[in-house]
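S.K.: below: sequence and its predicted model.
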Amino acid sequence: MSMSDNVAPLARPCAPDPRPRRRIGRPVLTAPALLVVTIGLLTPLALMLRNSFNRFDPTELMISAFTAENYVKFFTDAFYQEVLLRTLGISALSTAICLSAGVPVAYFLARHVSALAKRILLIVILVPLLIGNAVRTSAWMLILNDRGVLASVLGYFGYEGQLGIMYSATAVTIGLVSVLLPFMIITLNSVFEAIDANLEEAGSSLGAGHLTVMRRIVLPLALPGILAGTVLCFILSMNAYATPVLLGGPTFHMMAPTVYQQVAKAMNWPFGSALAFILMSVTLILTVGVSALVQRKYRRWSE
Amino acid sequence: MNIQARHIRQGYAVISLLVIGFVVLPLIFIVWMSFFSNRILSMPPEGYTLDWYRRAWEMADFRNGFFLSLQTSLIATVVALVLGLPASLALARGAFPGRDTINTILMSPMIVPGIVGGSSLFIFFLEVEFLTGWRIAGSSIGLIVAHSLIALPWMIRLVTTSLIGMNPSVEEAARSLGAGSLTVFRRITLPVIKPGVIAGSLFAFVNSFIDLEKSLFLVGPDRTTLQIALINYLEWNFDSTIGAVATVQIALITVLLLITDRYAKLSRAF
Amino acid sequence: MSEVILQDVAKHYGDFVAVENMSLRIADGELVALLGPSGCGKTTTLRMIAGFVDATNGRISVGGRDVTGLPPSRRNMGIVFQNYALFPHMTVAENVAFGLEMRKVSKVDAVKRVDEALARVRLDQYGDRLPKQLSGGQQQRVALARALVIEPEVLLLDEPLSNLDAALRHQMKIEIRQLQQSLGLTTVFVTHDQDEAMSTADRMVLMYKGKVEQVGPPAEVFGRPRSAFAAGFLGIPNLLAGQVTAEGFVLESGMRLALSGQGGLAGRCFLALRPEEIALATDPLPPDSNALPGKVLIMTYHGSSVEYQIATEAGPVLSARVRAPGLGGQPVLPGGTSVWVHWPATAGVLVNEH
């Protein structure tokens, strides 16, 4: 009699599950989307960067080369510098207006409005944003042209002169502000909502009036979010196309329409590509620079 | 009553009303004026008519543009859904190296300016055409590629948000009760994130539908989207046909937004 | 003198009545606890005193001065919030100095007073830290220092202990009481925890559904709850419905219980019994004794005592808390055991339905 006879038979080890354990978060799931973005965006962009160093030829369109002449042309031609400066100026102005008009609205929505009213107001703000540049800009043409709504309202109050807003920097700024304000309001609104309302109450119970509470407590805490909203608005206005074309008219040149004109109309791809990269680089450098400056102020407690 | 607090509140209310009015009033006017009988869009109204709507419908550019836009945006939304849903699952649930980089790449169509993306795609398509003879710029394929790129980041952003907001224990509970991965996805994950998927699809559709900058480079002479048809018409005319088309678009977008609002917090999309 | 007087103060949100005509006089230097379950109106009352919420009706005065229309910034009240509400972008010292700065106190004076305030809460070494670098208890003490440094007329505490763990909560309870007494500060303390209220307050105000249920010193409120709600909230789970008659307390089943010394109420009401006052007998008791027959449902163990749930034949399930078997109590009664629940005739408290 062997020992093993007395030992109960060992339970057979569990057979491994024949199906491989599928993990829901496998990185390979991103592959199709990555492929499409690579083909539809990254490759064309890389090609465009390369093209910006090529040479333009009126008959051949583009001659392969490695020259900086397109960039040199931009920085030596006063016309294009003026286009860039105008774009920067209009963008800075529109962003500043959006910031000062957006803060009170966003704060109001975050603190003083019932949930239902806020939901309705957000839709009211989002419709103009998502209505598309073509429709929104034509609506502004309707208001601003010399026989438009504004002119007739002013005429009703006895104003006789020409309005002359259409096809000017003013019209473009008005148009841009109306596109960017919804972005600013929505960004800032979530920023203000994330700030504990008790902090404001604590401030006022310690003797601070409303403006002091805003200046010393709310705005410093909102700074990172305000920065994000400002950067967003600035980038969007730097790249605006429809507003300057339709409200600025044919003689009002900004960067994005100039890129279109060079690439699609003049077919000067090398220079158009250079313009596109100058536009993106200037925007990037400015936004990164300003962000770094602002962030240095709040880094200490945000870490 | 605390009068000071009330005055502060009223101050904010007045400023907000003015600002929101500034943003919304132009749209109200264009809707109103689309019913004017004036030959050129101007104040005051000389009478009211529905004629502009008939004229807009009779214009081939607007009618065909509307259907081309509708078709392109629908296909782009489906493409974004097919590509975006698995990608969102990986981004929201996976913890793998390079996840942030992949996320940035997938969001980049939203970050790269429309004009830059559009012109680079235009040049790319033409260069491919020189090499192979395939006509992509001005074809449906080119337009669909561009619009899918517009739609994709919106889909991924909204679906990822709702996946992250989902309690992962729910999936673990289902698994512990004997459900396999596919069953868990079909019976648990998908129903829970359905609002996010619907909101993502609607945002993808709307943003594709209203795109102007990217399409600008990719439309052909007889293939224009509605937005391009609008600005082409604006170049030479300024009558209420524009108002009629704009009104239809405002109505469409508003309805889509109201539907989206039922499923997701709208402010979360930005 | 900083006596706080609330006179018919009410807060309505549309149809919803958050606080209903409340009148309360808080003496100078008194600590009053507003106690009640969530939604009872205690926090709304505190916020009306602070000025964050406008009263729909009534007046609030502090030291004879009507503050009803004043903004919070001009009420000179120190407030400690449930989540402390320390300014995350300011250091501890800057947080404490904020109120002094608003009062235009000179820099030199402010530094001195901040140091004193921080020393008082034993945080003199922490002035340069940021709030998030402190533990929950330390943050709470900063909040206290920030509220006290402005020498407020009234100190308002909104659930100040609810974010602390049990040991720290006990310690802070004592510290708050000591500080309050040494400064002689009129204080309103909002809490949902009856232990906190009883151990700190001079008087408790028990609130329910926007109304004051009972006001009085802790011992009085605890010993003589007036309503079924008050009894339940103060930890008396056993309520027997019945009638007060000349023969005693008659249950709905017709069974008669003895009363002794419970005056005041007549007609339909409840007899409230503390679990600690109930005894259990396994042998039949004489027919005239104050007892109800029942069966043991379940026993739970509480260290020095054990608690039995008894299903009585008269209807309700009663809790009885008796000394644990190891400490000289009777042996454990298994589930299903038939027992007699009995108590001294003086133990029950008669309470109103509402």
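M.R.: That came through fine.
S.K.: so what's the residue nearest the centre of chain A closest to, chain neighbours aside?
M.R.: The residue lying closest to the centre of chain A (Cα atoms, centre = their mean) is A:Leu232, at 3.5 Å. Nearest residue to A:Leu232 in three dimensions, chain neighbours excluded: A:Phe183, at 5.7 Å (Cβ to Cβ, 6 or more residues apart in numbering or on different chains). (C-beta placed from N, C-alpha, C; glycine too.)
S.K.: tell me the secondary structure for the residue nearest to the centre of chain A?
M.R.: Under DSSP: H, G, I helix; E, B strand; the rest coil, A:Leu232 falls in the helix class.
S.K.: that one and C:Asp128, how far apart?
M.R.: Look at A:Leu232 and C:Asp128: by Cβ to Cβ, to the nearest Å, they are 36 Å apart.
S.K.: please apply the same query to B:Thr104.
M.R.: Counting by Cβ to Cβ, the gap from B:Thr104 to C:Asp128 is 38 Å.
S.K.: what does C:Thr43 give?
M.R.: Counting by Cβ to Cβ, the gap from C:Thr43 to C:Asp128 is 33 Å.
S.K.: neighbour-wise, which of the two wins?
M.R.: Neighbours of C:Thr43 and C:Asp128, each counted by other Cβ atoms under 10 Å in any protein chain shown, are more numerous for C:Thr43; the result is 22 against 10.
S.K.: how about the more buried one, what does it touch?
M.R.: With contact taken as Cβ atoms under 8 Å, 6 or more residues apart in numbering or on different chains, C:Thr43 is in contact with C:158-159, C:190.
S.K.: tell me the one of those nearest chain B?
M.R.: C:Asp158 (18.8 Å; Cβ to the nearest Cβ).
S.K.: per-residue confidence at the residue of the stretch 101-250 of chain A found nearest chain B?
M.R.: In the stretch 101-250 of chain A, the residue that lies nearest chain B is A:Gly132 (3.1 Å; Cβ to the nearest Cβ). The model reports A:Gly132 with a pLDDT of 87.
S.K.: identify the residue nearest it in space, chain neighbours excluded?
M.R.: Spatial nearest neighbour of A:Gly132, chain neighbours left out: B:Ile210 (3.1 Å); criterion: Cβ to Cβ, 6+ apart.
S.K.: can you give me the neighbour number for the one you found?
M.R.: 25.
S.K.: which pLDDT value belongs to it?
M.R.: In this model, B:Ile210 is scored at 91, pLDDT.
S.K.: and it, what does it touch?
M.R.: Going by Cβ under 8 Å, 6+ apart, B:Ile210 touches A:130-135, B:227, B:249, B:253.
S.K.: just those residues: which are in helices?
M.R.: Under the assignment DSSP state H, these contribute A:133-135, B:227, B:249, B:253 to helices.
S.K.: would you turn these into CSV with distance to chain C?
M.R.: Converted to CSV, the ones in helices among the contacts of B:Ile210 look like this (distance: Cβ to the nearest Cβ, whole Å):
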residue, distance to chain C
A:Asn133, 39
A:Ala134, 44
A:Val135, 39
B:Gln227, 45
B:Gln249, 39
B:Ile253, 34
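S.K.: make CSV out of those residues and add neighbour count and distance to A:Gln162.
M.R.: Formatted as CSV, those follow (neighbours: other Cβ atoms under 10 Å in any protein chain shown; distance: Cβ to Cβ, whole Å):
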residue, neighbour count, distance to A:Gln162
A:Asn133, 23, 27
A:Ala134, 27, 27
A:Val135, 28, 26
B:Gln227, 25, 31
B:Gln249, 21, 31
B:Ile253, 22, 34
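S.K.: from those, which is closest to A:Gly225?
M.R.: A:Asn133 (25.8 Å; Cβ to Cβ).
S.K.: and the pLDDT for the nearest residue to that closest one once chain neighbours are set aside?
M.R.: Nearest residue to A:Asn133, sequence neighbours excluded (Cβ to Cβ, 6+ apart): A:Ala242, at 3.6 Å. The model reports A:Ala242 with a pLDDT of 89.
S.K.: wait, isn't A:Ala242 in contact with A:Ser138?
M.R.: No: counting by Cβ atoms under 8 Å, A:Ser138 is not a contact partner of A:Ala242; they are 9.5 Å apart.
S.K.: show me where the stretch 201-350 of chain C has helices.
M.R.: Using DSSP state H, counting those that start in this stretch, the helices of the stretch 201-350 of chain C run over residues C:218-223, C:228-233.
S.K.: from the contact counts, what lies against the last one?
M.R.: Applying 3 or more Cβ pairs under 8 Å, 6 or more residues apart in numbering or on different chains; DSSP states H and E, we find helix C:228-233 packed against strand C:203-208, strand C:211-216, strand C:238-245, strand C:267-273, strand C:349-351.
S.K.: kindly reformat those as CSV containing mean pLDDT.
M.R.: As requested, those are exported to CSV (pLDDT from 0 to 100):
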stretch, mean pLDDT
strand C:203-208, 94
strand C:211-216, 92
strand C:238-245, 83
strand C:267-273, 83
strand C:349-351, 85
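S.K.: between these, which one is closest to chain A.
M.R.: Chain A sits nearest to strand C:203-208 of all those, at 21.3 Å, using Cβ to the nearest Cβ.
S.K.: how about residues contacting that closest one?
M.R.: Strand C:203-208 is contacted by residues C:24, C:30-37, C:40-42, C:45, C:197-198, C:212-218, C:221, C:229-230, C:233-234 when judged by Cβ under 8 Å, 6+ apart.
S.K.: partners of that strand, with directions?
M.R.: strand C:31-35 (parallel), strand C:211-216 (antiparallel) (DSSP bridges).
S.K.: ok, and what's touching the longest one?
M.R.: I take that to be strand C:211-216. Residues from elsewhere that reach strand C:211-216 (Cβ under 8 Å, 6+ apart): C:20, C:22, C:24, C:36, C:41, C:203-207, C:221, C:225-227, C:229-230.
S.K.: repeat the analysis, applying 6 Å as the threshold.
M.R.: Strand C:211-216 is contacted from outside by C:20, C:22, C:205-206, C:221, C:226-227, C:230, using Cβ atoms under 6 Å, 6 or more residues apart in numbering or on different chains.
S.K.: in that strand, what's buried?
M.R.: By neighbour count on 16 or more other Cβ atoms under 10 Å in any protein chain shown, the buried set for strand C:211-216 is C:211-214.
S.K.: try the shortest one
M.R.: Of the residues in strand C:31-35, those buried under the neighbour-count criterion (16+ other Cβ under 10 Å) are C:31-35.
S.K.: out of those residues, who's nearest chain A?
M.R.: C:Leu34 (17.4 Å).
S.K.: tally of neighbours for C:Gln125?
M.R.: Neighbour tally, C:Gln125, other Cβ under 10 Å: 10.
S.K.: using the three-state scheme, assign it.
M.R.: Three-state call for C:Gln125 (three-state DSSP): coil.
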